[in-house]
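In: Got a predicted model here, sequence first, then my questions.
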Amino acid sequence: MIKRRFLGMTVGMTAALLLAGCGSNEEATSDENMSISEAVDYTITGIEPGAGLTGLAHTALEEYENLEGWELAESSTAGMLTLLGEAIENEEPIIVTGWAPHYKFTQYDLKFIEDPKGSLGDIESIHTIARTGFEEEMPNAAQILDAFEWEVEDMESVMYEAQSSSFEEASMSWIEANQDKVDSWLEGTKPGNGEEIDIVSTPWDTERASGKVIELVLEQQGYDVTVSDVDPAILFEAIANGEADVSIAPWLPMTHEAFYEEHKDNIVDMGPNLTGAQNGFVVPAYMDIDSIEDLEPKE
């Protein structure tokens, strides 16, 4: 009796395990056949509602017919980065609103997907601008600032290291590791003599990186440098009015276009200090998708 009952229990458990196994296989097969659009539930993971990139993302959802029915899940930059990290840890699909330079491109293997309509903007440059008369009054400092130019990867490496230390420590490490590049900025210039230089910047990690690097370089050359973080509108006004000397923060031609057009007659544009800044939809590199047009509308 006990033996028969044990045998019945064994058969029942085996059947249950077989059924469970079949269910798992069906589920796995279903997941494998799921499109990327279905897998991300027709949702773009976004950042703060008031961010310029958020507005561009809404524009993309309106302009691409194949994104009909899609939603932008507005959150925060920190929230987006958390969800991105969790997806990558589990190798799951996710599409986020992203921008470069940003340390996430150093932390993870990511890629922008193509934006054929240009709804999310074109490639931008970050420029160095100065007040009228600065070049004449401080020619050596102006020459250094005019020569200052680095790559997206340089800025991202400083930003990434600063997450676990500080922007000052990360900037100093970058300078020590890239002395040849720094020397090229200084070539043909003479040291300063304690002259004060007021730099206005923006409160973003991109500009915290560039601002601290150029501050340290100028200080090593004998200048007394102050960097102040302000809103873009105040930044352009300060340079145009002569209340500040220099900024290395303006994103052109799109992000700060309105401010630039308003004040361009009263500022000196020294040109780009970084080329390759970009906004767009970003995915982990393991996702098999190249373009926004590869996505499907929600039925």
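Out: Right, received. Where do you want to start? Residues are numbered from 1 along each chain as shown.

In: Now Gly98. Nearest residue, chain neighbours left out?
Out: Val282 (3.2 Å; Cβ to Cβ, 6 or more residues apart in numbering). Quick note: C-beta positions are derived from backbone N, CA and C, even for glycine.

In: Within its sheet, name the partner strands of the one helix or strand that neighbour maps to and how each one runs.
Out: Using DSSP states H and E, Val282 maps to strand 267-284. Paired neighbours of strand 267-284 in the sheet (DSSP bridges): strand 96-100 (antiparallel), strand 110-112 (antiparallel), strand 124-131 (antiparallel).

In: between the ones you listed, which one is nearest to Ile88?
Out: In terms of Cβ to Cβ, the element of the strands paired with strand 267-284 nearest to Ile88 is strand 110-112, at 8.7 Å.

In: pLDDT averaged over the closest one - what is it?
Out: Averaged over strand 110-112, pLDDT sits at 97.

In: List the contacts of that strand.
Out: The contact list for strand 110-112 (Cβ atoms under 8 Å, 6 or more residues apart in numbering) reads Gly98, Ala100, Lys104, Gln278, Gly280, Phe281, Val282, Val283, Pro284, Ala285.

In: which of the strands paired with strand 267-284 is buried the deepest?
Out: Mean neighbour count (mean count of other Cβ atoms under 10 Å) peaks for strand 96-100 among the strands paired with strand 267-284, with a mean of 25.

In: Alpha carbons of that strand, as CSV, please.
Out: C-alpha atoms of strand 96-100 as CSV (Å, rounded to 0.1, in the frame of the first residue of the first chain):
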residue,chain,number,x,y,z
VAL,A,96,16.3,55.1,-23.1
THR,A,97,16.6,58.8,-23.9
GLY,A,98,20.4,59.5,-23.7
TRP,A,99,23.1,62.0,-24.5
ALA,A,100,26.8,62.1,-25.0
